[in-house]
Every structure is written in structure tokens, then in C-alpha cells.
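Trainee: Here's a sequence, model it:
(one chain, ligands or ions: 1)
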Amino acid sequence: MSHDTTSMRPHRFRPAGALKGRIRVPGDKSISHRSIMLGALAVGETRVTGLLEGEDVLATAAAMRAMGAQVERTGDGAWSVHGVGVGALLQPQGPLDMGNSGTSTRLLMGLVASHPITATFVGDASLSKRPMGRVIDPLSTMGASFEATVSPKGSQTLPLILKGAYPAVPIRYRLPMASAQVKSAILLAGLNTPGITTVVEPIPTRDHSERMLRGFGADLSVETDADGARVISIRGEAELKPQTIEVPGDPSSAAFFIVAALVVPGSEVLIENVGLNPTRAGIVEVLRQMGGSIEELNPREVGGEPVADLLVRHSALKGIAIDPSIVPSMVDEFPALFVAAALADGVTTTTGLEELRVKESDRISVMAAALCAAGATVIEQEDGLVITGTGGEPLAGTAGAIATHLDHRIAMSMAVAGLVSRTGVEVDDVRPIATSFPTFQSMLEGLGA
Ligand code: S3P
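Mentor: Numbering: from 1, shown residues only. Modelled structure (predicted):
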């Protein structure tokens, strides 16, 4: 699962004719992680259909097994999780290998923090650079203790050893950055902490943890305070009830195909079963503001989340200034959006993207370098990119391979850029795509690329 640099798999994504057809993207990554984690804490069998079988989610499954849960794929392609109960996670016998997955790491740190166990967390080169202080700080206040690696820049990173506190101390914590991972880590720690643990969220982020915790029977309330911040409280020592969960399609995976269909002339693609939780759907709104034709068909609810089929047609896109308040609802979609901007007519300005610098790679500078190498006009600023689009003309394409820095979303975004280029775009390594979207390349080929 950890990708070394000796066996990198480069690939050139070539210019494509119109993309036509219907696809169904894999299950939502955030919801898949949470369904395994909460299933592992409920006594009895939780059944999950539509689970994303990507490396990140498999890392969560392996970790929950190492802490006592039974997590297995059944013959019909569903997943079965037999949980141990809140408070009953077992001491893992070896290090928990989180691979490339920040979500697995930070959420599981929350779970371990209020159990009487000690766990070592390790990950690949990308994950080992990412800041963990943002969860170490609140979880330390709850009583957990940490021995983390300190990076040359002074931030706390993997590998780290976490000694859980039992009993942990409930806290009220105001999030200093918009992060669903930090919010979720504290709520998950709160599950096994006596009393009420509260997270104050000034800027709303994805709310899958809140929805699913309630679905499993946790006593969780969400209120809005006088300043408009969300105040989320969970009562600890909860008893979770096993559930049947249907995971909707991942809007973050759909985003690559939405952008591809918008920018490749003549395309018309139906993307079925896309999760459109308002805390995730910013990309659809922004692409519509740019002139994209995205029709929502058959709106419905799947697994407690709003879902629709999206009919996307090639459109002449216009550059816009993107309102920074929409960033949290499309935080993972900026690499794909940058590609749309590079092919739009006029200038697209993005601001408020500081969090992109601490994702699987520094997505501001890595996308700036990749798009420039492909012939786009891009100015990098501290908190975003300013991109002057070609007005639909193909990009030149890359001479050599662009560096993806073990970041799946950089690889998939630049694959889309290659479809509207003269010579194609070569990415240095397509292996990380399997962390979130193992079928990406075959699905693209299926549409005619
Ligand atoms: C996620 C939260 C986001 C997102 C990540 C998944 C989650 O991270 O980028 O891909 O499932 O909670 P941050 O909490 O760092 O914003």
C-alpha cells in the first residue's frame, strides 16, 4: 500500500474525442471510512453496500480488524462489520499502516485517544509530511499522550505513538481551521468519554460524521450559536446499534468526470448516484456559475444523504472569481476545478485555499507547476491560483512527465487536462489513483477516451 518511488507507473493521457455514455462512480470515501469505524463500535452486524474499495478505506478496515472488529467482504460484494462495542477496542499488536490516508489517521487517532490502548501510526511519504498537531492538540487536552515525529519545519507528523486516556476528559473545542477530520476525531473520541464533548465549528464542513453518529443511535445535537457557528455536542459512553448502510457515489470522484464532460467538445455523460450533500456539492455550483450544463435528474435519498444522477454536457466555460466561502464544500475538488479554469474563457481567481497546501500534496504549488508544464497560464499566490484560460483551445500538452507527489487527485486532474491537449499529458505515477478511485482509468476508457 505504501508507494515507493522505485516502481512508479507513468502514463500519458492522450487527447480524446467526445465522451459519451453513462457511469456510476464508486462509493463516497468519507462515508465509507465512517461506516467501517462506527460499524466496528456497534455490537452486532453492520452491513454496508456500495463501500469504496480503495486503498484508503482498506487501510481503515485493516486497522479496525487489528483492534478487534471483524470486517469482511461478503460474496455479494457487500461488506459485513461485526463490532466490539464502544470502549472495547483491543490493543493492536503491530503498527497501524495508514498508507496515504489522512482521514483514516486522524479519525482513528480520535477513536484510540479515549480507549485504554496504545497504537503506533505509520504512513507513506506523503502522509508522513502532513500535520498531525491539529488533532494532537485537542486529543491531548482530553488526556491522550503522544510521541510524534517532528518535521524539519517543526510540525508534528507520523510516525507517532498514541497512548489513549481512560477515562478521557470531555472538552469544548473551537476548531481553529475548517476541518471535518479534526471535528470528527474529537467527536469519535467523545463517544467513549464520560459526559458531553462539544466541537464549535465556525465554518461548516462535511457533516457525514454527525449524520452517521445519529444514525447509529448516538446522542448528538447540533445548534447554532449567536455568531452563527455550529455547536456539535455528543454524549459519551454511547451504545451504538448496528446499521444497514448504502454508501452513495462520491462527488469528489464524480468531479473529474463532470469536468471532463464539460471540457471535451461534443461530450454528454450521465453520472449516476452522485452524493450531493450540501457540505460537499460546491463544485457543481461553481461549474454552473462558469456556464457548465449540469442537470440533476431523479433526486432522492440514499443512506440518509441527498443523491441525484447528473447529466453533464460539453459547455463553453467562463472564468470567474470564486467566492472563498464556498471552499469547504469543495475543498478536494480544486485540482479538477483548476483544469476547468485553464480551459475556460477569461480569468478564474481562487482565494482562501490555504488548507490545500496540507493535503496529500501542496495542491496549490503542485497544480500550478503541472498546469504550467501542460501549457496553461497560471499565477501562484499564497492562498490560491489565478488562471487565464484558453477559451476552449486545447492546452499544448507536456513534454516530460508532471510530478504528482503521491497525490491521487493531481494524477486524475491532469489526466483530464490531457484529454483537451495537443500532445497529451504524462503523469509520473498513476498508482496513487487506487487510493480513492481504482476504476478511474477503465471508466475513462469506457467513455471513449
Ligand atoms: C475529509 C475531510 C477533508 C477532506 C478529506 C476527507 C473527511 O479533510 O479533504 O479528503 O472525510 O473528513 P480536512 O478535514 O483536512 O479538510
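
Trainee: Check which helices and strands the helix or strand where S209 lies sits against.
Mentor: Per DSSP states H and E: S209 is located in helix 208-215. Applying 3 or more C-beta pairs under 8 Å, 6 or more residues apart in numbering; DSSP states H and E, one finds that helix 208-215 contacts helix 29-39, helix 180-191, strand 220-224. Every C-beta, even on glycine, is put in place using the N, C-alpha and C of the backbone.

Trainee: Let me have the ones you listed in TSV, extended by mean neighbour count, distance to T279 and mean pLDDT.
Mentor: Formatted as TSV, these follow (neighbours: other C-beta atoms under 10 Å; distance: least, C-beta to C-beta, whole Å; pLDDT from 0 to 100):
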stretch	mean neighbour count	distance to T279	mean pLDDT
helix 29-39	28	10	98
helix 180-191	27	8	98
strand 220-224	14	12	98
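
Trainee: any chance of those in a markdown table, plus distance to the ligand?
Mentor: Shown next, in a markdown table, are the helices and strands packed on helix 208-215 (distance: least, C-beta to the nearest ligand atom, whole Å):
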| stretch | distance to the ligand |
| --- | --- |
| helix 29-39 | 3 |
| helix 180-191 | 3 |
| strand 220-224 | 16 |
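
Trainee: Run through the residues of the stretch 301-449 of the chain sitting next to the ligand.
Mentor: V331, D332, E355 (C-beta under 6 Å from any ligand atom).

Trainee: surely I203 meets A178?
Mentor: Yes. In this structure, I203 is within contact of A178 by C-beta atoms under 8 Å, at 4.1 Å.

Trainee: Can you check which residues contact both of these two?
Mentor: Here I203 and A178 have P328 as joint contacts, going by C-beta atoms under 8 Å, 6 or more residues apart in numbering.

Trainee: The two - which one has more neighbours?
Mentor: Per other C-beta atoms under 10 Å, whichever of I203 and A178 has more neighbours is A178, with 20 against 15.

Trainee: What pLDDT is listed against the more buried one?
Mentor: In this model, A178 is scored at 98, pLDDT.

Trainee: Kindly report the same for D345.
Mentor: pLDDT for D345: 98.

Trainee: check contacts around it.
Mentor: Taking C-beta under 8 Å, 6+ apart as the contact definition, D345 lies against A316, L317, K318, G319, G389, G391, G392.

Trainee: and the gap between A415 and the ligand?
Mentor: 19 Å (C-beta to the nearest ligand atom, to the nearest Å).

Trainee: again, but for E201
Mentor: For E201 relative to the ligand (C-beta to the nearest ligand atom), the value is 11 Å.

Trainee: So what sits opposite that residue in the bridge?
Mentor: Counting by DSSP bridges, E201 is bridged to R230.

Trainee: What residues does the stretch 151-300 of the chain have near the ligand?
Mentor: Residues of the stretch 151-300 of the chain found near the ligand (C-beta under 6 Å from any ligand atom) are S179, A180, Q181, S184, R206.

Trainee: My guess is the last one contacts N277. True?
Mentor: Yes. Under the contact definition of C-beta under 8 Å, R206 touches N277, with a separation of 6.9 Å.

Trainee: More neighbours: these two, which one.
Mentor: Remark: of R206 and N277, R206 carries more neighbours, 24 against 20, as counted by other C-beta under 10 Å.

Trainee: which residues touch that one?
Mentor: S30, A180, N277, T279, R280, P328, S329.

Trainee: Now render the residues you listed as a markdown table, adding secondary structure and distance to S253.
Mentor: Formatted as a markdown table, the contacts of R206 follow (DSSP: H, G, I helix; E, B strand; the rest coil; distance: C-beta to C-beta, whole Å):
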| residue | secondary structure | distance to S253 |
| --- | --- | --- |
| S30 | helix | 11 |
| A180 | helix | 17 |
| N277 | coil | 14 |
| T279 | coil | 17 |
| R280 | coil | 11 |
| P328 | helix | 19 |
| S329 | helix | 16 |
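
Trainee: Under the pLDDT cut-off, which ranges of the protein? List them.
Mentor: 1-6 (pLDDT under 70).

Trainee: what are the ranges of the helices in it?
Mentor: Here the chain has its helices, by DSSP state H, at 29-39, 55-66, 102-113, 133-141, 180-191, 208-215, 251-263, 282-289, 334-342, 363-373, 408-419, 440-446.

Trainee: Tell me what angle the longest one forms with helix 282-289.
Mentor: Read it as helix 251-263. Inter-element angle recorded for helix 251-263 and helix 282-289: 20 degrees (by axes from the mean of the first three to the mean of the last three C-alpha atoms, to 10 degrees).

Trainee: tell me what helix 251-263 is packed against?
Mentor: Using 3+ C-beta pairs under 8 Å, 6+ apart: helix 251-263 touches strand 268-275, helix 282-289, strand 293-302, strand 305-313, helix 334-342, helix 408-419, helix 440-446.

Trainee: Need the contact partners of the fourth one.
Mentor: In this case it means strand 305-313. With C-beta under 8 Å, 6+ apart as the criterion, strand 305-313 contacts 28, 31, 208, 211, 248-249, 254, 257-258, 261-262, 267-278, 284, 292-301.

Trainee: Same question for the shortest one.
Mentor: Outside of helix 440-446, the residues within contact range by C-beta under 8 Å, 6+ apart are 11, 19, 21, 23, 25, 253, 256-257, 260, 412, 415, 430, 433.

Trainee: Run the chain-centre distance for stretch 342-351.
Mentor: The chain centroid and the centroid of stretch 342-351 are separated by 24 Å under C-alpha atoms, centre = their mean, to the nearest Å.

Trainee: Walk me through the domains of the chain.
Mentor: Following automatic domain parsing, the chain resolves into domains at 5-27+248-446, 29-243.

Trainee: Leaving out sequence neighbours, find the closest residue to D28.
Mentor: D250 (4.2 Å; C-beta to C-beta, 6 or more residues apart in numbering).

Trainee: So the one you found sits against G27, correct?
Mentor: Yes. The pair D250 / G27 is scored as a contact, 6.3 Å apart, by C-beta under 8 Å.

Trainee: what is in contact with the two at once?
Mentor: The contact lists of D250 and G27 share L52, where a contact means C-beta under 8 Å, 6+ apart.

Trainee: What is the neighbour count of the nearest residue to Q289 once chain neighbours are set aside?
Mentor: Excluding the flanking residues, the one nearest Q289 by C-beta to C-beta, 6+ apart is I320, at 5.5 Å. Residues near I320, counting by other C-beta under 10 Å, number 18.

Trainee: quick one on the thing from earlier: need the helices and strands packed on helix 251-263 in JSON lines with mean neighbour count, can you?
Mentor: As requested, the helices and strands packed on helix 251-263 are exported to JSON lines (neighbours: other C-beta atoms under 10 Å):
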{"stretch": "strand 268-275", "mean neighbour count": "22"}
{"stretch": "helix 282-289", "mean neighbour count": "21"}
{"stretch": "strand 293-302", "mean neighbour count": "13"}
{"stretch": "strand 305-313", "mean neighbour count": "20"}
{"stretch": "helix 334-342", "mean neighbour count": "28"}
{"stretch": "helix 408-419", "mean neighbour count": "28"}
{"stretch": "helix 440-446", "mean neighbour count": "16"}
